[in-house]
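1. When you get a sec, could you give me coordinates for this:
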Amino acid sequence: MKLTAGKTASLAIQHVLAMYAGAMIVPLIVGSSLGLNGEQLTYLVSIDIFMCGAATLLQIYTNRFFGIGLPVVLGCTFTAVGPMIAIGSEYGLSSVYGAILASGLFVLLMAGVFSKIAKFFPPVVTGSVVTIIGITLIPVAMGNMAGGEGSSDFGAASNLALAFGVLFSIILLFKFTKGFIRSISILIGLAAGTIAGAWMGKADFQAVQDASWLSGIKPFYFGAPSFEWAPILTMILVAIVSMIESTGVYAAVADICGKKIGEKDLARGYRAEGAAYILGAVFNAFPYTAYSQNVGLIQLSGIKTKKVIFTAAMMLVLLGLVPKIAALTTVIPAPVLGGAMVAMFGMVIAYGIKMLSQVDFTSQENLLIIACSIGIGMGVTAVPDMFAQLPEAVKILTSNGIVAGSTAAILLNLLLNMRPDDKSKSRFESNRMDNTRVS
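-> Below is the predicted model of the structure:
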């Protein structure tokens, strides 16, 4: 297909819409959980959308050191949501961005090493980690469905009706639509729910009126970063999990494009993500990973050129410079967000289970890895106070289900499945890598 300017723009808009819901929900969850005001929340959404575009540009074009050179879209990772909230609540926002900065440097320095050890992260690890991510985020969704933790009308029938209405509308869109409309069903559900919420008096548009039409990005908007070892270790683990996620997306896109990628390509891809982490820390955004939402669109459209993704990235950059648009997302009522989150986070769980379907369940070792890692992740999420007597610096590593469960999956796989005489090739080299990941 010959791509005219109009076709390129329309395909790019589809990619922006496909990832927009996921990209904006992360800053909304984190910002509201840490008590940011309307102006701060607007900035957080704006800079996140801007950085999604900037991070994508870093990734699609390759040079000696950076860039996977594939048509991939980067967005903020759900893996970081719980840890960022925990760090921000305990140490403050300055420690969040200090930890992101340090983890970005870690990714830059370790990219070459990580590209050589893909065999340490088979489906039993990646599937367990992704399942844990989804499970541990569900309580956040449920709290929002009820109206938001601490709200005066928490659990009100009107909140539940609005939340389940949004969830049901998303399900109906999945049932009765196909292709692109299905891919943006969550975004449509959010828009419809916000309109219904406004009619019910649950949406306040004052932040939109107050927001400016154009704004520049501001380094260290929330202040200079500070560095604490426990938050840094936590975000390094988040970075490792994100690299595992991105590896699967790289493999999927490479397969669609008919391109072979090796260790050097992976290393350049990881370095680009590390650079995005550092820029995210400087401008007070988020850690970034490759989004799987957009892989389906590439396969659906059959258009594999980087020109479309470049155009989408530039659109994201421009959208990030318009606070008025970002402010629109901050007025979404909590129950509307909650209804959409159930679908999104539930899909994360479903993808994790799909990954685990590749695991050899006749192996007792694999069963034990899955059982213990998911059990620990769920247990810590359900009873976060079980580590209340530990020192504060240790609690930040143990009281988050994603961190605790992911650590257990990685260590148990090393203990039970890896042997000194294991000479098997990496999953990339043996072409057995799972091609499905979530962000």
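2. Please enumerate residues in contact with the helix or strand containing Ile402?
-> Using DSSP states H and E, Ile402 falls within helix 401-416. With C-beta atoms under 8 Å, 6 or more residues apart in numbering as the test, helix 401-416 has contacts from 79, 82-83, 120-122, 124-125, 128-129, 132-133, 135-136, 234, 237-238, 240-241, 365, 368-369, 372-374, 376-381, 397-398. Placement of C-beta: from N, CA and C, glycine included.
3. swap in stretch 315-330?
-> Contact with stretch 315-330 is made by 12-13, 16, 24, 28, 38, 41-43, 45-54, 56-57, 207-208, 210-217, as judged by C-beta under 8 Å, 6+ apart.
4. Separate out the buried members of those residues.
-> Buried members of the contacts of stretch 315-330, scored by 16 or more other C-beta atoms under 10 Å, are 12, 16, 24, 28, 38, 41-43, 45-54, 56-57, 207-208, 211, 215, 217.
5. Helices of the stretch 1-150 of the chain, start to end?
-> All helices of the stretch 1-150 of the chain, identified by DSSP state H, counting those that start in this stretch, fall at 5-33, 38-60, 81-91, 93-114, 123-145.
6. Dump those to JSON lines, plus distance to Ala334.
-> What follows is those, written out as JSON lines (distance: least, C-beta to C-beta, whole Å):
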{"stretch": "helix 5-33", "distance to Ala334": "8"}
{"stretch": "helix 38-60", "distance to Ala334": "13"}
{"stretch": "helix 81-91", "distance to Ala334": "15"}
{"stretch": "helix 93-114", "distance to Ala334": "21"}
{"stretch": "helix 123-145", "distance to Ala334": "5"}
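7. Could you tell me the least trusted of those?
-> Across the helices of the stretch 1-150 of the chain, helix 5-33 has the smallest mean pLDDT, namely a mean of 77.
8. Enumerate the positions of that helix that are buried.
-> Buried residues in helix 5-33 (16+ other C-beta under 10 Å): 8, 11-12, 14-33.
9. what angle sits between that helix and helix 81-91?
-> With axes from the mean of the first three to the mean of the last three C-alpha atoms, to 10 degrees as the basis, helix 5-33 and helix 81-91 are set at 40 degrees to each other.
10. and helix 5-33 with helix 38-60, angle?
-> Using the same axes, to 10 degrees: helix 5-33 against helix 38-60 is 130 degrees.
11. so who does the residue nearest to Lys307 when sequence neighbours are not counted touch?
-> Spatial nearest neighbour of Lys307, excluding adjacent residues (C-beta to C-beta, 6 or more residues apart in numbering): Thr8 at 6.0 Å. Residues near Thr8 by C-beta under 8 Å, 6+ apart: Lys307, Val308, Thr311.
12. Put the buried members of those into a ChimeraX selection.
-> Listed next is the ChimeraX selection for buried residues among these, using 16+ other C-beta under 10 Å:
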select :308,311
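13. Adding distance to Ala334, pLDDT and secondary structure, write the contacts of Thr8 out as TSV.
-> Output for the contacts of Thr8, formatted as TSV (distance: C-beta to C-beta, whole Å; pLDDT from 0 to 100; DSSP: H, G, I helix; E, B strand; the rest coil):
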residue	distance to Ala334	pLDDT	secondary structure
Lys307	39	84	helix
Val308	35	83	helix
Thr311	34	89	helix
